[in-house]
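Trainee: coordinates for the following, if possible.
(one chain, ligands or ions: 1)
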Amino acid sequence: MRIFSGIQPTNQLHIGNYLGAIKQWVQLQKDNECIYCIVDLHALTIPYDPKTLQQKIKETSIAIMAAGIDPEKSIIFVQSQVKEHAELGWLFNTITPIGELERMTQYKDKSKKFKENINAGLLDYPVLQTADVLLYKGEAVPVGKDQEQHIELMRTLARKFNQKFGQTFKEPASMILKEGAKIMSLVDPKKKMSKSDEAKSCIFLFDSPEDITKKIMSATTDSGKEVKYNLTKKPGISNLLMIYSLLSGKTTQDLEKEFVGKNYGEFKKSLAQVVVQYLEPFRRKQKELMTREVYVQEILKQGQHKAQVIAQETMREVREKMGLI
Ligand code: AQP
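Mentor: Next up is the predicted model:
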């Protein structure tokens, strides 16, 4: 299968990005043709500093490699370096009903979060995302739960394009994990963990062991003192149990048994150890890659060339079908 997915170079990667998306990316690259993109054009839709954007792109590229994406197996590239994304995005705009975009949860959330910057790009985000995937005729898109609605739109637009201009695209399937698809904030376990929220709400992949421990120990928990998985009554502890389970390979039921009679503090201390240990090789690899700038740039350049070949081929077909040549 051809797999496509992207990540924004908006801030450091957190454990939600990893458990919801990147962990799947790593597994998929064994048996599939995988294309992973640093979606910098998407990152422009929220306030950002042009002076640090290139640095963030580099850090995000390094982060996904440190977390296991192998440039020998997968294509890694930067979205803005393949101009066809913007072109196909524009063409899809012409078949997208505005109403479909206005009802998107991410648009509503980000409009609330960035009240001073409700730009057209924020509304148009899922259309560019459709172009990202369909440009490569992606068949499946491994993402977190928050992206489900956008993938549904992708399917609608692929269908619409095919009906209007002739069979061109397959409808991409979303790959959303049963567990880990929505890791919640450590501060407010009713909200998803988000890169652009305050630092103590996220465990970043390259946080120091001290910071990880501090953040977990001060994570919001619930009333009562039993370590039990119950999303409605105990959202805080349930979120921590899920992280523990996904990183240790133990089920939440096994963990409940293991922590019978123990308090939240003891549980959190043990979780902090598991997280620190799991992320240790990531930290090491990231440090090493940070010193290999030329190598990282070379990977992105090769990725750009490989991506361009596929993108240009799709655009030739699309332009012809839409009457542009
Ligand atoms: N909390 C989460 N749990 C599980 N999966 C998540 N993802 C994001 N947050 C969680 C998945 O990570 C991938 C990359 O996300 P993104 O960088 O494209 O943007 P995002 O969804 O907007 O992530 P953030 O952290 O919330 O960033 P900001 O704050 O910049 O908006 C996607 O597959 C996403 O589903």
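Trainee: in a strand, that's where Y295 is, yeah?
Mentor: No: read with DSSP: H, G, I helix; E, B strand; the rest coil, Y295 is helix and lies in no strand.
Trainee: so what's it up against?
Mentor: L289 (CB atoms under 8 Å, 6 or more residues apart in numbering). In short, each C-beta sits where N, CA and C put it, glycine included.
Trainee: skipping its backbone neighbours, what lies nearest the residue of the stretch 101-250 of the chain found nearest the ligand in space?
Mentor: Minimum separation of the stretch 101-250 of the chain from the ligand (CB to the nearest ligand atom) falls at G144, amounting to 2.5 Å. Spatial nearest neighbour of G144, chain neighbours left out: G20 (3.1 Å); criterion: CB to CB, 6 or more residues apart in numbering.
Trainee: contacts only, for the one you found.
Mentor: Neighbours of G20 in contact, by CB under 8 Å, 6+ apart: 143-145, 177, 180-183.
Trainee: what about it, distance to the ligand?
Mentor: G20 sits 2 Å away from the ligand, going by CB to the nearest ligand atom, to the nearest Å.
Trainee: go on, V39?
Mentor: From V39 to the ligand the distance is 6 Å (CB to the nearest ligand atom).
Trainee: list the contacts for that residue?
Mentor: 6-9, 79, 129, 132.
Trainee: need these in JSON lines (columns: distance to I35).
Mentor: Converted to JSON lines, the contacts of V39 look like this (distance: CB to CB, whole Å):
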{"residue": "G6", "distance to I35": "9"}
{"residue": "I7", "distance to I35": "12"}
{"residue": "Q8", "distance to I35": "16"}
{"residue": "P9", "distance to I35": "17"}
{"residue": "Q79", "distance to I35": "11"}
{"residue": "Q129", "distance to I35": "14"}
{"residue": "D132", "distance to I35": "9"}
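Trainee: return the subset of those residues lying in helices.
Mentor: 129, 132 (DSSP state H).
Trainee: for the contacts of V39, work out which two are farthest apart.
Mentor: P9 and Q129 (15.2 Å; CB to CB).
Trainee: touching, A307 and E33? I think so.
Mentor: No: using CB atoms under 8 Å, A307 is not in contact with E33, being 11.9 Å away.
Trainee: more neighbours: those two, which one.
Mentor: Neighbours per residue, other CB atoms under 10 Å: of A307 and E33, the larger number sits with A307, 24 against 17.
Trainee: mean confidence for the host helix or strand of that one?
Mentor: For A307, the element it lies in under DSSP states H and E is helix 293-321. Averaged across helix 293-321, pLDDT comes to 98.
Trainee: then stretch 13-31?
Mentor: On average, stretch 13-31 scores 97.
Trainee: over to stretch 195-202?
Mentor: 91.
Trainee: identify the residues contacting it?
Mentor: With CB under 8 Å, 6+ apart, stretch 195-202 has contacts from 8, 10-17, 46, 113, 185-188, 191, 193-194, 215, 218.
Trainee: likewise stretch 208-219?
Mentor: Contact with stretch 208-219 is made by 186-187, 200, 202-204, 207, 236, 240, 265, 268-269, 271-272, 275-276, 279, as judged by CB under 8 Å, 6+ apart.
Trainee: ok, stretch 93-103 next?
Mentor: Against stretch 93-103 from outside (CB under 8 Å, 6+ apart): 107, 123-124, 126-127, 153, 156-157, 160-161, 164.
Trainee: of these, buried ones?
Mentor: 107, 123-124, 126-127, 153, 156-157, 161 (16 or more other CB atoms under 10 Å).
Trainee: list the contacts of K306.
Mentor: 75, 77.
Trainee: please renumber so the chain begins at 33
Mentor: Will do, 33 is the new start, and the previous item becomes K338.
Trainee: ok, it to the ligand distance?
Mentor: Taking CB to the nearest ligand atom, one finds K338 at 21 Å from the ligand.
Trainee: what sits against the residue of the stretch 133-282 of the chain closest to the ligand?
Mentor: Taking CB under 8 Å, 6+ apart, we find G176 in contact with 48-49, 52-53, 208, 213-215, 224.
Trainee: do that again at 7 Å, thanks
Mentor: G176 makes contact with 48, 52-53, 213-214 under the criterion CB atoms under 7 Å, 6 or more residues apart in numbering.
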